[in-house]
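[1] Could you look at this predicted model? Sequence included:
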Amino acid sequence: MGMISKIAEQALNTGYLTVEAEENLKLMLRNKYELEDLEAFIDLQQATMLGVVKQESRELFATLVKYS
């Protein structure tokens with residue numbers, strides 16, 4: 001299991017994607033990765049779009065906009 005898969009699995013299990021994990025994903029996606037990692041990333045994207053996984057970055061942004 002690749003690192004992308006591990007991060008995706010953790011986020012899917014906890015229902016939460018931290019800013020740090022999101023940044024790590026961005027860095028890893030710039031390099032070569034296995035099909036398994038791509039599929040895990042797609043699963044994670046779908047889960048975030050459906051609201052199954054919440055993104056810390058979006059929560060922080062919403063807070064900033066709310067109090068601006």
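    Received, thanks.
[2] the helices in this structure, which residues?
    Using DSSP state H, the helices of the chain run over 3-14, 19-28, 35-50, 56-66.
[3] Check those for me and report the most buried one.
    Using mean count of other Cβ atoms under 10 Å, the stretch among those with the greatest mean number of neighbours is helix 3-14 (a mean of 17). Where C-beta positions appear, they are placed from N, C-alpha and C, glycine not excepted.
[4] For stretch 34-51, the averaged confidence score.
    Per-region confidence: stretch 34-51 scores 98 on mean pLDDT.
[5] for stretch 6-22, same thing?
    If you average the pLDDT over stretch 6-22, you get 98.
[6] residue contacts, residue 38?
    Each residue near residue 38 by Cβ atoms under 8 Å, 6 or more residues apart in numbering is listed here: residue 4.
[7] before we move on, what about residue 12?
    Neighbouring residues of residue 12 by Cβ under 8 Å, 6+ apart: 43, 44, 47, 52, 53.
[8] from the residues you listed, which single one is nearest residue 15?
    Proximity of those to residue 15 was ranked by Cβ to Cβ; the top entry is residue 53 with 5.6 Å.
[9] what's the distance between that closest one and residue 25?
    12 Å (Cβ to Cβ, to the nearest Å).
[10] Mind putting the contacts of residue 12 into a markdown table with distance to residue 60?
    Shown next, in a markdown table, are these (distance: Cβ to Cβ, whole Å):
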| residue | distance to residue 60 |
| --- | --- |
| 43 | 24 |
| 44 | 19 |
| 47 | 19 |
| 52 | 19 |
| 53 | 15 |
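[11] with these in mind, which one is nearest to residue 64?
    The nearest one, if we look at these relative to residue 64 and count by Cβ to Cβ, is residue 53, at 20.7 Å.
[12] Quick check: closest non-adjacent residue to that closest one.
    residue 47 (4.3 Å; Cβ to Cβ, 6 or more residues apart in numbering).
[13] swap in residue 21?
    Leaving aside its chain neighbours, residue 21 sits nearest to residue 7 (5.0 Å; criterion: Cβ to Cβ, 6+ apart).
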